[in-house]
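Asks: Just a sequence and a predicted model for now, questions to come.
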Amino acid sequence: MGETGSYLYAIAAPVGDEVLGSLRGVAGEPVRAVRHRDLVAVVGTVDVGTDGAFGEETLARNLNDLGWLEAAARAHHAVIDGVARAVPAAPLRLATVVADDDGVRDRLERWHDGLQRALDEIAGRAEWSVKVYAPEAFGPDVDAEPVPAAGAPGSGAAYLLRRKAAATARDDALARATAVAGQVHEELAKHAVDARRLAVQDQRLTGSDTPMSLNGAYLVPADGADAFAATVAGLRDRYADCRFELAGPWPAYSFVTMDEP
Amino acid sequence: MTEARERAPLTRPYGSALAAPPQPANLADILERVLDKGIVIAGDIRVNLLDIELLTIRIRLLVASVDKAQEMGIDWWRRDPMLSDTGNGSGNRDGDGGGSRDG
């Protein structure tokens, strides 16, 4: 390896080596703890030389390669997830690299109070994701009936009516999903310490038959996770025409914030 | 790996893992979080900001299509200076090779 740098995954409460020992980072490297005062930075050593994956030019190119990005994102997440399952951990944005461990400690010192506050905020809590998808649009199937022979009386008008009814059904389904999303989010926010609506994901990406109308993130205490899941189950029954997805626990990505010192 | 994780101590801060066993997270969920959420600390390795902006826009368009978002009444990208294409960033033609502006 040429020139090396310290890649940061998370800032955490003190964490045992047995937790970090089983984790591998974005370059397949072992991860370790850099300790400063009462904080730990979880870091790995990466190659930042001109030929290294994390050299400035190569990194910029790699980040634009969706295959490389997926592997890096999954590895980055896996390290954070492994740490967050053991101790409170604040995730860092992908590809944060500093020159060496002294640089890591400098940052722990400079941002100590903000990091400490961020950890206090998420300690004993986890992020849960709740997604809602629009109901199937039960309009008449435009192509189901054979198209009558051209010139048959009323055939064109009937086709247009079916087209219009199908479009109306889709609009209704979308309006319904939008309304349900608002109601579900409002209800879940009452059962969470904090709540965010993230951008809805594209249908091409979700592979769902219908559009997503809610991509919610909820910060839930560890001992409240079962009750939260029960609340989601209740909402799923109440809005049975919409499809629900509950996923988690996640590290509190959507709820860590830090002000500039 | 999965088995080891499921047998992890019950004192984990995540809690309640028995009720919700870990599942492989989907890529869109991971990307939207590791690229867009989490703490930002200035690093020493500075990747080309223009490239990253391009990437971010591409990924965001994948993660949330503008059409769908508009239908849903979500317009977060309008408030995002990086994504609102008002042309205010393109006037700075200094012409030299560096071209990077101080943040």
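Replies: Received, thanks.

Asks: Could you use CA atoms for every contact and neighbour count after this?
Replies: Fine.

Asks: what ranges of the stretch 101-250 of chain A fall below the confidence cut-off?
Replies: A:138-154, A:204 (pLDDT under 70).

Asks: One more: chain B?
Replies: For chain B (pLDDT under 70), the answer is B:1-24, B:45-103.

Asks: Repeat the analysis, applying 50 as the threshold.
Replies: B:1-13, B:15-22, B:48-50, B:68-69, B:71-103 (pLDDT under 50).

Asks: So what's the gap between stretch A:237-256 and the chain middle?
Replies: 10 Å (Cα atoms, centre = their mean, to the nearest Å).

Asks: what about the helix or strand hosting B:R33, near chain A?
Replies: Using DSSP states H and E, B:R33 sits in helix B:27-36. Yes. Against chain A, helix B:27-36 shows contacts by Cα under 8 Å from any Cα of the partner chain at B:27-28, B:30-31, B:33-36.

Asks: wait, which of those is closest to A:G25?
Replies: B:V34 (14.0 Å; Cα to Cα).

Asks: what's around that closest one, how many residues?
Replies: Using other Cα atoms under 10 Å in any protein chain shown, B:V34 has 22 other residues around it.

Asks: pretty sure it contacts A:L94?
Replies: Yes. At 5.4 Å, B:V34 counts as touching A:L94 under the criterion of Cα atoms under 8 Å.

Asks: what touches both of the two?
Replies: Shared contacts of B:V34 and A:L94, defined by Cα atoms under 8 Å, 6 or more residues apart in numbering or on different chains, comprise A:73, A:76.

Asks: what about the longest helix in chain A?
Replies: Ranked by number of residues, the top helix in chain A under DSSP state H is helix A:155-190.

Asks: Mean confidence (pLDDT) on the helix or strand containing A:S6, please.
Replies: Assigned by DSSP H and E, A:S6 falls within strand A:4-12. The average of the pLDDT scores along strand A:4-12 is 95.

Asks: Format the CA atom coordinates belonging to that strand as CSV.
Replies: What follows is strand A:4-12, C-alpha atoms only, in CSV (Å, rounded to 0.1, in the frame of the first residue of the first chain):
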residue,chain,number,x,y,z
THR,A,4,-2.4,5.7,3.7
GLY,A,5,-5.2,7.6,5.4
SER,A,6,-7.7,7.0,8.1
TYR,A,7,-11.3,6.3,6.9
LEU,A,8,-13.9,7.2,9.4
TYR,A,9,-17.1,5.1,9.8
ALA,A,10,-18.7,6.3,13.1
ILE,A,11,-18.2,8.2,16.3
ALA,A,12,-19.2,6.0,19.2
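
Asks: Against which helices or strands is it packed?
Replies: Using 3 or more Cα pairs under 8 Å, 6 or more residues apart in numbering or on different chains; DSSP states H and E, the elements in contact with strand A:4-12 are strand A:39-47, helix A:66-84, strand A:89-98.

Asks: Comparing these, which comes out most buried?
Replies: strand A:89-98 (a mean of 27; mean count of other Cα atoms under 10 Å in any protein chain shown).

Asks: starting at the chain centroid, how far to that one?
Replies: Offset of strand A:89-98 from its chain centre (Cα atoms, centre = their mean): 15 Å.

Asks: Kindly report the residues of the stretch 101-250 of chain A close to chain B.
Replies: A:107, A:123-126, A:174, A:178, A:199-202, A:205, A:211, A:213, A:222-223, A:225-226, A:247-249.

Asks: and those residues, which are buried?
Replies: A:107, A:123-126, A:174, A:178, A:199-202, A:211, A:213, A:222, A:225-226, A:247-249 (16 or more other Cα atoms under 10 Å in any protein chain shown).

Asks: Leaving out the residues flanking it, which one is nearest to A:T231?
Replies: A:L188 (7.4 Å; Cα to Cα, 6 or more residues apart in numbering or on different chains).

Asks: ok, the one you found to B:I30 distance?
Replies: 22 Å (Cα to Cα, to the nearest Å).

Asks: Next: A:D241.
Replies: Taken as Cα to Cα, the span from A:D241 to B:I30 is 27 Å.

Asks: ok, back up a step: okay, the helices and strands packed on strand A:4-12 in a markdown table with distance to chain B and mean pLDDT next?
Replies: Formatted as a markdown table, the helices and strands packed on strand A:4-12 follow (distance: least, Cα to the nearest Cα, whole Å; pLDDT from 0 to 100):
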| stretch | distance to chain B | mean pLDDT |
| --- | --- | --- |
| strand A:39-47 | 11 | 96 |
| helix A:66-84 | 6 | 91 |
| strand A:89-98 | 5 | 92 |
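
Asks: Of the ones you listed, which is nearest A:L161?
Replies: Nearest of the helices and strands packed on strand A:4-12 (Cα to Cα): helix A:66-84, 44.2 Å.

Asks: circling back to that earlier point, just the residues of the stretch 101-250 of chain A next to chain B: which are in helices?
Replies: Using DSSP H, those in helices are A:107, A:174, A:178, A:205, A:225-226.

Asks: so what's the closest residue in space to A:Y133 that isn't next to it in sequence up against?
Replies: Nearest residue to A:Y133, sequence neighbours excluded (Cα to Cα, 6+ apart): A:M212, at 4.2 Å. Going by Cα under 8 Å, 6+ apart, A:M212 touches A:131-134, A:200-203.

Asks: ok, and for stretch A:185-195, which residues are buried?
Replies: A:185, A:188-189, A:191-193, A:195.
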